[in-house]
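> Mind folding the following:
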Amino acid sequence: PPMSNVDISHGGILPNLIIIFLLSALFLVLKTLTTLKTSNNPKGCRRLGLPPGQSNLDDEFDPKYSQGVPSDQDDHGRPSWRVKALFSYPLKSCGAVELQVSNVVPTGLEFDRQFVFAEYNNDEWNIRTLRNAGFNRLALIHPEIWVPDPSAPDYDADLPEIKSQGVMLISYPRMLPAGWSSLPIKVGMALKFLKSQQTFQVPLLPPADSKFPLVPVKIWKDKVLAHDYGRLLPASLHAYLGSDTSKNTLTLLRASAPHSRQIFRNAPRKEDLGFQPNTAFADAYPIHLLSISSHRDVAARCAYAIPRLSIRRFRANVIVQGPSAFEEDHWKRLAIGGTEIHASCRTVRCRLPNVDPLSGDRHKAEPDRTLKSYRRIDDGDRTNACLGMQLVPAKEKFVLRVGDSVEVLETGEHQYIKMLAPGEKVEGV
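Below you'll find the predicted structure:
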């Protein structure tokens, strides 16, 4: 009988220990999650762009876009040639912000390519894009633009978010630590308590009293001054991009309006426009236009390798519907929503569209191989393929809207003027 008492007590201790362990683990999980979970919505601001889950490209694979329509045809009260979708890329080579309406400023769509990641090597900062080896993960970094909203209940002119004229939220996949320490995070993600993305914010404009110094950065052949936001980068973002925080070799730069890059080559000149076209961190010209029917032609030829090649791979600002495939090749001047815009040259393609914007995976050949098989059409560069047009507006400020009419004012021949001389090499190109 005494032994039976001992057996009974041991039988009771074990379940109690398990319960205590589980409660302790649950407490640890909840404490960790409470520390990690933060509100992402900036105070006193509203988010620009279409609501999450909505897109004007939901039907991009509809066969109807493979064919053009007459420009004077009525489409249920809308112009048959019109803007189908608008995109801004605030952080170069990262996710897009889809818009229904956008202000256009001298550098292009407002906020487009105003930020860029840069890496320090060869004693200077060099921009980093999806072209660069090891930077595929940029595709999964998603910026959001939040601008001051005086109607917001928490609006206050003294908020830092308001003083900086808004903020950019930057989201990226959450990196899990090795071993058991990742358990609370995995539980939180499984329970939808934690998002699979981590987020931080940076000021849209550096406040006058801020300490974001101007540093020189090389973008192709140009070297411009930009504000260094590197001290705002969290360690988890460095880890995501494979950067060693102790070496300070990765930073985030914000374009400085007084130091924008003037654009020449194929662009109209100041004596014709009244101003010299300029841009921030776009490769060459302020606005990139793409026709959905032209893209459908390319996608059909790539279907053997990529069955659903999205137009998003080509990272255009303005996507138009209506014209037949490649009609835009010979546009010289057009009017979008009544505003005159110069089609300065064709868009000469690199291999960046080989990266899938949804996964960050880089296809070894397509669509670059298919494009080069039949789209080396410009006498200025017979090595590379062309798809889309580079635009320079005839006025510095106006508004673009989805649904705006597209009217061709002048057609003619194009000859692309290269950035580089024969044999010249520049990092990243």
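> my guess is Ile311 meets Leu290, correct?
Yes: counting by C-beta atoms under 8 Å, Leu290 is a contact partner of Ile311 at 6.5 Å. C-beta: built from backbone N, CA, C; applies to glycine.
> which residues do those two both contact?
Ile319 (C-beta atoms under 8 Å, 6 or more residues apart in numbering).
> Next, Ser293: secondary structure please.
Using DSSP: H, G, I helix; E, B strand; the rest coil, the structure places Ser293 in helix.
> Would you double-check that Leu237 falls in a helix?
Yes: per three-state DSSP, Leu237 lies within a helix segment.
> Could I get the contacting residues of the residue nearest to it when sequence neighbours are not counted?
Of all residues not flanking Leu237 in the chain, Tyr172 sits nearest, at 6.0 Å (C-beta to C-beta, 6 or more residues apart in numbering). Taking C-beta under 8 Å, 6+ apart as the criterion, Tyr172 is in contact with 137, 140-142, 197-199, 236-237, 240.
> Among the residues you listed, which pair sits farthest apart?
Greatest spatial distance in the contacts of Tyr172: Arg137 and Thr199, 15.8 Å, computed using C-beta to C-beta.
> Okay, now the unreliable bits of the stretch 201-350 of the chain?
By pLDDT under 70, the stretch 201-350 of the chain has no low-scoring segment.
> show me where it has helices.
Here the stretch 201-350 of the chain has its helices, by DSSP state H, counting those that start in this stretch, at 235-240, 270-273, 292-302.
> Count the residues that sit near Ala305.
14 (other C-beta atoms under 10 Å).
> do you know how far it is from Glu366?
Applying C-beta to C-beta, to the nearest Å, the value for Ala305 to Glu366 is 4 Å.
> Just put the contacts of Tyr172 in a markdown table and tack on distance to Gly230.
Supplementary listing: the contacts of Tyr172 in a markdown table, determined by distance: C-beta to C-beta, whole Å:
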| residue | distance to Gly230 |
| --- | --- |
| Arg137 | 18 |
| Leu140 | 20 |
| Ile141 | 15 |
| His142 | 20 |
| Gln197 | 21 |
| Gln198 | 17 |
| Thr199 | 18 |
| Ser236 | 15 |
| Leu237 | 11 |
| Tyr240 | 15 |
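> does the residue nearest to Lys397 when sequence neighbours are not counted have beta-bridge partners, and which?
Counting by C-beta to C-beta, 6+ apart, Lys397 lies nearest to Val105, which is 6.0 Å off, once chain neighbours are set aside. For Val105, the beta-bridge partners under DSSP bridges are Gly108.
> do the same with the one 10 residues further on
According to DSSP bridges, Leu91, Arg254 are recorded as the beta-bridge partners of Phe115.
> I figured it was touching Ser88, is that so?
No: using C-beta under 8 Å, Phe115 is not in contact with Ser88, being 11.3 Å away.
> one step back: distance-wise, check the residue nearest to Lys397 relative to Thr279.
Distance from Val105 to Thr279, counting by C-beta to C-beta: 10 Å.
> okay, those two: which has more neighbours?
Thr279 (24 against 18).
> residues contacting that one?
Thr279 sits in contact with 107-108, 113, 260-261, 263, 285-286, where contact means C-beta under 8 Å, 6+ apart.
> all strands for the stretch 51-200 of the chain, in order.
Along the stretch 51-200 of the chain, counting by DSSP state E, counting those that start in this stretch, strands occupy 74-75, 78-79, 82-88, 97-99, 101-105, 108-109, 115-121, 124-128, 142-148, 167-173, 197-203.
> winner for burial among the ones you listed?
strand 108-109 (a mean of 26; mean count of other C-beta atoms under 10 Å).
> residues in contact with that one?
Contacts for strand 108-109 (C-beta under 8 Å, 6+ apart): 86-88, 99, 102-103, 279-280, 282, 286-287, 317, 400.
> Which two among these are spaced furthest apart?
Maximum distance among the contacts of strand 108-109 (C-beta to C-beta): 18.4 Å, for Leu99 and Thr279.
> so Leu252 sits right up against Leu233, yeah?
Yes: under the criterion of C-beta under 8 Å, Leu252 makes contact with Leu233 at 5.8 Å.
> Now do the shared contacts for these two.
Between them, Leu252 and Leu233 share no contacting residue, judged by C-beta under 8 Å, 6+ apart.
> out of those two, which sits in the busier spot?
Set Leu252 next to Leu233 and count neighbours by other C-beta under 10 Å: Leu252 wins out with 22 against 19.
> tell me the contacts of the residue nearest to the more buried one when sequence neighbours are not counted?
Using C-beta to C-beta, 6+ apart and skipping the chain neighbours, the partner closest in space to Leu252 is Tyr229 (4.3 Å). Taking C-beta under 8 Å, 6+ apart as the contact definition, Tyr229 lies against 115, 202, 206, 212, 251-254.
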